[in-house]
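**Q** What follows is a protein structure lacking sequence information:
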Ligand SMILES: NC(=O)C1=CN([C@@H]2O[C@H](COP(=O)(O)OP(=O)(O)OC[C@H]3O[C@@H](n4cnc5c(N)ncnc54)[C@H](OP(=O)(O)O)[C@@H]3O)[C@@H](O)[C@H]2O)C=CC1
Ligand SMILES: CC(C)(CO)C(=O)C(=O)O
């Protein structure tokens with residue numbers, strides 16, 4: 001049986017790894033000592049929004065706290081945050097078997113390229129996790145929204161596909177992952193809005209002022225993508241370019257038109273919100289920062305996304321967790337859009 005290693009035992013790693021283990025996969029984790037202690041005490045309990053529940057007892061979990069845990073793997077799923085990709089690539093390089101396949105199941109772009117550069121001779125593929133995972137308690141991981149895992153098409157995946165299918169997590173293969181990754185990134189532009197709002201996703205997305213903040217960030221990114229000729233893949237019932245208009249509809253209409261977008265566990269927050277809550281650096285430079293870099297490459301500016309980057313960096317070092325009202329954040333982003341050259345912080349966050 002093919003051996004799988006999940007590198008990074010956090011929300012996504014524990015959920016994917018736990019589901020695969022529960023379906024009988026030969027799988028081990030590489031994670032931090034605190035994650036090893038958590039899983040050794042509590043095992044894994046996986047649940048999903050459809051009422052599914054899977055249990056892996058502590059004795060069924062193999063967890064290494066260093067790269068040696070990946071040495072025998074045929075498939076490595078990289079599930080660390082963006083800033084850790086370079087370190088993981090360097091850690092994998094001396095231990096990974098020559099024929100091993102590596103998949104980046106991370107948000108943002110370019111992680112597969114970073115891993116590939118450090119891992120010559122291995123197949124490195126981009127993947128995409130569309131759903132949210134929350135941890136309601138120690139060892140517990142809950143899939144809080146729907147979606148199908150996406151991955152770059154490759155013949156090297158064939159031996160691993162049954163394990164994912166058996167686990168109820170089939171892999172949808174895509175010939176070109178870049179449009180898929182950009183479509184996910186457009187949705188992830190909400191991570192910053194959600195983190196600044198300091199509210200659960202469902203509550204935040206139910207309020208038009210926050211949705212209009214997201215619409216501004218998405219419209220800016222979509223205009224740049226249009227210029228480069230990149231058409232984002234369709235991950236939602238509506239094509240990506242219509243979503244800003246949908247976001248701008250009144251709350252009652254949005255609730256009717258976008259029921260699927262609001263089908264999220266009421267406690268779920270974006271992974272960026274979780275990062276701020278835990279005092280960890282965020283992935284803002286790999287999400288909204290990617291839009292700012294795209295603009296710069298084309299001699300343009302992306303002032304709305306640049307402002308979100310600045311606000312999140314400020315929140316990362318703020319002693320108090322900001323909780324922007326929708327109106328204040330919208331005014332801030334509108335001002336950034338209207339006066340792109342000026343670095344003025346308009347409104348202060350108001351609860
Ligand atoms: N959470 C979610 O709902 C979703 C997340 N994603 C994306 O998935 C990726 C993973 O996110 P998420 O699971 O939330 O992240 P987490 O922070 O929950 O998990 C990552 C884990 O990896 C650990 N880690 C980091 N570096 C190493 C290393 N060198 N060796 C061993 N362990 C390491 C981290 O420890 P430490 O914190 O100490 O560094 C942490 O425990 C991100 O790119 C995220 O954007 C995508 C869809 C949804
Ligand atoms: C699933 C989604 C879009 C929102 O939770 C996400 O990717 C994240 O939180 O990072």
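**A** Everything's here; your move. As the structure is a prediction and not an experimental result, all values here were calculated from the model. Numbers count the residues shown, from 1 in each chain. Ligands and ions are numbered 1, 2, ... in the order given.
**Q** all helices of the chain, in order?
**A** Taking DSSP state H, the helices of the chain run over residues 11-22, 33-42, 85-92, 111-118, 161-166, 178-197, 201-205, 208-228, 243-247, 251-257, 271-278, 288-297, 303-317, 326-338.
**Q** I'd like those as CSV, with distance to ligand 1, mean neighbour count and mean pLDDT appended.
**A** All C-beta spots, glycine's among them, are computed from the backbone N, C-alpha and C. As requested, the helices of the chain are exported to CSV (distance: least, CB to the nearest ligand atom, whole Å; neighbours: other CB atoms under 10 Å; pLDDT from 0 to 100):
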stretch, distance to ligand 1, mean neighbour count, mean pLDDT
helix 11-22, 4, 26, 98
helix 33-42, 5, 15, 98
helix 85-92, 5, 19, 98
helix 111-118, 8, 19, 98
helix 161-166, 16, 16, 98
helix 178-197, 7, 24, 98
helix 201-205, 10, 22, 97
helix 208-228, 16, 21, 98
helix 243-247, 18, 19, 97
helix 251-257, 22, 13, 96
helix 271-278, 4, 20, 97
helix 288-297, 12, 20, 97
helix 303-317, 13, 21, 98
helix 326-338, 21, 19, 98
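**Q** Output those helices in TSV; the columns should cover distance to residue 235.
**A** Formatted as TSV, the helices of the chain follow (distance: least, CB to CB, whole Å):
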stretch	distance to residue 235
helix 11-22	17
helix 33-42	29
helix 85-92	22
helix 111-118	18
helix 161-166	19
helix 178-197	5
helix 201-205	16
helix 208-228	13
helix 243-247	10
helix 251-257	16
helix 271-278	17
helix 288-297	17
helix 303-317	19
helix 326-338	24
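**Q** Could you work out the end-to-end span of stretch 222-235 for me?
**A** The first and final residues of stretch 222-235 sit 15 Å from each other (CA to CA, to the nearest Å).
**Q** Turn the helices of the chain into a markdown table, including distance to ligand 2.
**A** Formatted as a markdown table, the entries for those read as follows, by distance: least, CB to the nearest ligand atom, whole Å:
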| stretch | distance to ligand 2 |
| --- | --- |
| helix 11-22 | 9 |
| helix 33-42 | 19 |
| helix 85-92 | 15 |
| helix 111-118 | 14 |
| helix 161-166 | 18 |
| helix 178-197 | 5 |
| helix 201-205 | 6 |
| helix 208-228 | 11 |
| helix 243-247 | 13 |
| helix 251-257 | 17 |
| helix 271-278 | 3 |
| helix 288-297 | 12 |
| helix 303-317 | 13 |
| helix 326-338 | 18 |
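**Q** can you tell me if stretch 125-143 touches ligand 2.
**A** Yes. Shown here: stretch 125-143 in contact with ligand 2 (CB under 6 Å from any ligand atom) through 131, 132.
**Q** hang on, the earlier thing: between the helices of the chain, which gets nearest to residue 75?
**A** For the helices of the chain, the distance to residue 75 is smallest for helix 161-166, at 8.5 Å, taking CB to CB.
**Q** Just list what that closest one packs against, helices and strands only.
**A** In terms of contacts (3 or more CB pairs under 8 Å, 6 or more residues apart in numbering; DSSP states H and E), helix 161-166 is packed against strand 171-174.
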